[in-house]
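Enquirer: mind looking at a prediction? Sequence and model below.
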Amino acid sequence: MVFVKVCGITSVSDARLAARAGADAIGLVFAESPRRVTLRRAREIAEYLIPDNVRLVGVFVNEAPDVVVNIAREVGLDLVQLHGDESPETVAYLKGRGLRVMKALRVRDEGSIARLDDYGADLFLLDAFSERARGGTGEPFDWSAAKGLSGRANIVVSGGLSAENVAEAIEFFRPYGVDASSGLEESPGVKDGEKVRRFVSAARGE
Ligand SMILES: O=C(O)c1ccccc1NCC(=O)[C@H](O)[C@H](O)COP(=O)(O)O
């Protein structure tokens, strides 16, 4: 069964919504974004989610590694997502401190994924490259540029996904997981319940 992450959760009510829809994980953005959460809000969300068995993913962009470690411990993150220009050394440092790491690669062309195996991350998130923002842009990338990664057990696909195209992405990549954010919103930072439910169902092939 494909792993389904709903990213850009900013409130306990949206976390609850994603959990009830059947998401495996929610993403909390600790970086410049309309979806950024404070540490206090992240702790509130984590407290709510403990009984629900939904994994917590912290999204960081070029954050100091020790800040990532501290936030991960304080919030109880299950996975840290590095969405900037972090190096393989940073991945190794965080793994050495007991964290599971997902490195995001923003795909512009085939060269964008050429160094993937150098990172040594537990998982890789494929996202669209955009000049506008680091993530959460709602833009798809050219899937054919990453076709060589299809069938790999450590790939999570994102970038402009919604109920309308997630089944096609799963068929194309046969990935470990899928992830979506802005396509599931009613406004920046606020999820639309129906869009979240339809996304999770479509990812599950329902
Ligand atoms: O979501 C954000 O605002 C964001 C900001 C800065 C770095 C990363 C961010 N999101 C990371 C994600 O995992 C998103 O789900 C991913 O970029 C896909 O977003 P979308 O195309 O909107 O579904």
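Expert: Sure, I can see it.

Enquirer: tell me which residues in stretch 196-206 are buried?
Expert: V196, R197, R198, F199, V200, A202, A203 (16 or more other C-beta atoms under 10 Å). (Each C-beta comes from the backbone N, C-alpha and C, glycine too.)

Enquirer: next: stretch 19-32.
Expert: A19, A21, G22, A23, D24, A25, I26, G27, L28, V29, F30, A31.

Enquirer: and the last one, how far from L184?
Expert: Counting by C-beta to C-beta, to the nearest Å, the gap between A31 and L184 amounts to 19 Å.

Enquirer: where along this protein do the helices fall?
Expert: 12-21, 39-49, 65-75, 88-96, 166-173, 193-203 (DSSP state H).

Enquirer: next, the angle helix 65-75 makes with the fourth one.
Expert: So that's helix 88-96. Inter-element angle recorded for helix 88-96 and helix 65-75: 30 degrees (by axes from the mean of the first three to the mean of the last three C-alpha atoms, to 10 degrees).

Enquirer: contacts for helix 88-96 next, please.
Expert: Residues outside helix 88-96 that contact it (C-beta atoms under 8 Å, 6 or more residues apart in numbering) are P65, V68, V69, V80, L82, V101, K103, D118, Y119, G120, A121, D122.

Enquirer: which of those residues are buried? Put it as a ChimeraX command.
Expert: Entered in ChimeraX, the line below selects the buried ones among those, by 16+ other C-beta under 10 Å:
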select :65,68,69,80,82,101,103,119,121
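
Enquirer: sitting in strands, which of the contacts of helix 88-96 do you find?
Expert: V80, L82, V101, K103 (DSSP state E).

Enquirer: mind putting the helices of the chain into CSV with mean pLDDT and distance to the ligand?
Expert: Formatted as CSV, the helices of the chain follow (pLDDT from 0 to 100; distance: least, C-beta to the nearest ligand atom, whole Å):
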stretch, mean pLDDT, distance to the ligand
helix 12-21, 95, 12
helix 39-49, 92, 14
helix 65-75, 98, 14
helix 88-96, 98, 16
helix 166-173, 98, 10
helix 193-203, 98, 10
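
Enquirer: can you lay out these as CSV showing distance to V59?
Expert: CSV is the format used below for these (distance: least, C-beta to C-beta, whole Å):
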stretch, distance to V59
helix 12-21, 14
helix 39-49, 11
helix 65-75, 10
helix 88-96, 14
helix 166-173, 19
helix 193-203, 17
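
Enquirer: residues from this structure in reach of the ligand?
Expert: Contacts of the chain with the ligand, taken as C-beta under 6 Å from any ligand atom, map to 7-8, 27, 29, 31, 33, 35, 59, 61, 83, 127, 134-138, 158-161, 179-183.
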